[in-house]
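Colleague: Quick one, what's the 3D model for this:
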Amino acid sequence: MYKNFKRGFNSGFKPRTNYGAMGRRFGAGGRGRVAKVFDPTNIINSQKTEDITISTEAYIAKNGFAEFNIDPKLKQNVLDRNYGSPTPIQDQSIPEILAGRDLIGIANTGTGKTAAFLIPLLNKVIKDRHEKVLIVAPTRELASQIRDEFYLFSKGLGIYSALCIGGENINRQKQELRRNPNFIIGTPGRLLDHVDSRTLYLGDCKSVVLDEADHMVDIGFLKDVQYMISLLPKVRQSLFFSATIDGKVRSVLNAFVNNPVTVSVKTRETAANVKQEVVRIDSPNKKIEQLHQLLIKQEFDKVLIFARTKHGVQHLADELLKRGFKADAIHGNKRQSQRLKTLDKFKRSYIDILIATDVASRGLDIPNVSHVINYEAPESYDTYIHRIGRTGRADKKGTAITFV
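Modeller: Below is the predicted model:
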């Protein structure tokens, strides 16, 4: 039964090293890194203006959700969510995945990737109840969000899932895996914990999704992902989603997909509907005061603030609480249950301000964020794009402010 374990060890990949465990302690699954700080003024205010607004032409979908060739009960679950037309990634990917093709999806966050792969994979399981689906995400929050979406689409279908992420009770996860679920959703580190303890056998997973693959590589999961790929069956359907594809990501891609169709909807460099502004800080001592003056303005309804370190995030959250703001923080020093509870409070508007490290910048669907504030500059241009992509979603307007 465990022939793939032997094959994986003999294929040149080694089991996880200490960096994986260290990465899980940091929360998002990666190791701490020292990097140059990205200077956003290179693209913002480049012509001595206070902001730039980027718009794209409206996409006209070729398909409607009612026209997709999927099971009637699944189709009803989709329609019950009151979706409008499919997003570009959904419109172009769903028919290809339904046809059994391997797929490379290149798109920014917030483009509807989760539904793009969940809908056709659920339909696949409805047709064959022995089908096993593995979905790998870089962060616990994104994996949990995929699980939440799974619940909505699979309502009444009798299809079960297991969520395998760090920071949660591993014995409870083992119980879920013993139920022989069709969908296994998790982060690389915890999934390989289950592989090591022989509660998870990847050789049965004939449909596999790598979501936010570039972020998995960025935060130190390259060898873990390569090792996982070595344990998968050679004949499988492989779906690969990434906002960018560089050298390291391409090495994973080449080992993962077979004769894929590529769907690229990354038609812009920065988020549409997002007005970008710069706040210049004359003195570090005035920084918190300038933030305070912004947050008391009426239009700052729901604000996501980014800082670089766990300590900095918590210190800022404590300071804003002292000043009377309804604020909270998520970072790697908090337990997973605390982080999910805080995210839920922010989504439900029990708090108005969420301060976060970049663990929250990828893939999270937080509705109606009016402003993103880069209280501390991000490490890279890509990180900047993903941060500001938390606002201006679902055709709504948003504002991104960067302190420099």
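Colleague: tell me how far the ends of stretch 324-338 are from each other?
Modeller: 21 Å (Cα to Cα, to the nearest Å).
Colleague: Can you give me the buried ones in that stretch?
Modeller: Across stretch 324-338, burial judged by 16 or more other Cβ atoms under 10 Å covers 325, 327-334, 336. Every C-beta, even on glycine, is put in place using the N, C-alpha and C of the backbone.
Colleague: just for the protein, where's the confidence low?
Modeller: For the chain, the stretches with pLDDT under 70 are 1-58, 266-272, 360-364, 394-395.
Colleague: re earlier: Throw the buried residues of stretch 324-338 into CSV and include distance to Leu163 and secondary structure, thanks.
Modeller: Converted to CSV, the buried residues of stretch 324-338 look like this (distance: Cβ to Cβ, whole Å; DSSP: H, G, I helix; E, B strand; the rest coil):
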residue, distance to Leu163, secondary structure
Phe325, 32, coil
Ala327, 28, strand
Asp328, 23, strand
Ala329, 23, strand
Ile330, 18, strand
His331, 21, coil
Gly332, 19, coil
Asn333, 22, coil
Lys334, 18, coil
Gln336, 11, helix
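Colleague: Out of the residues you listed, the closest to Leu316 would be?
Modeller: Closest approach to Leu316 among the buried residues of stretch 324-338 (Cβ to Cβ): Ala329, at 7.4 Å.
Colleague: and which of the buried residues of stretch 324-338 is nearest Leu200?
Modeller: Here the nearest of those to Leu200, counting by Cβ to Cβ, is Gln336; it sits at 19.1 Å.
Colleague: quick one on the thing from earlier: make JSON lines from the buried residues of stretch 324-338 and add distance to Val133 to it.
Modeller: What follows is these, written out as JSON lines (distance: Cβ to Cβ, whole Å):
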{"residue": "Phe325", "distance to Val133": "42"}
{"residue": "Ala327", "distance to Val133": "38"}
{"residue": "Asp328", "distance to Val133": "34"}
{"residue": "Ala329", "distance to Val133": "34"}
{"residue": "Ile330", "distance to Val133": "28"}
{"residue": "His331", "distance to Val133": "31"}
{"residue": "Gly332", "distance to Val133": "28"}
{"residue": "Asn333", "distance to Val133": "33"}
{"residue": "Lys334", "distance to Val133": "30"}
{"residue": "Gln336", "distance to Val133": "23"}
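Colleague: quick check, nearest of the residues you listed to Tyr59?
Modeller: Scanning the buried residues of stretch 324-338 for proximity to Tyr59, where the rule is Cβ to Cβ, the winner is Ile330, at 32.3 Å.
Colleague: and the residue lying closest to the closest one once chain neighbours are set aside, what is it in contact with?
Modeller: With Cβ to Cβ, 6 or more residues apart in numbering as the criterion, Ile330 has its nearest non-adjacent residue at 4.5 Å, and that residue is Arg339. By Cβ atoms under 8 Å, 6 or more residues apart in numbering, the residues touching Arg339 are 27, 140-141, 167, 330-331, 359.
Colleague: Mind checking which of these land in strands?
Modeller: Using DSSP state E, Ile330 are the members of the contacts of Arg339 that sit in strands.
Colleague: mind giving me JSON lines with the contacts of Arg339 and columns for distance to Ile104?
Modeller: Shown next, in JSON lines, are those (distance: Cβ to Cβ, whole Å):
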{"residue": "Gly27", "distance to Ile104": "28"}
{"residue": "Arg140", "distance to Ile104": "25"}
{"residue": "Glu141", "distance to Ile104": "24"}
{"residue": "Gly167", "distance to Ile104": "30"}
{"residue": "Ile330", "distance to Ile104": "31"}
{"residue": "His331", "distance to Ile104": "32"}
{"residue": "Val359", "distance to Ile104": "25"}
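Colleague: So which of the contacts of Arg339 sit within helices?
Modeller: By the criterion of DSSP state H, membership of the contacts of Arg339 in helices covers 140-141.
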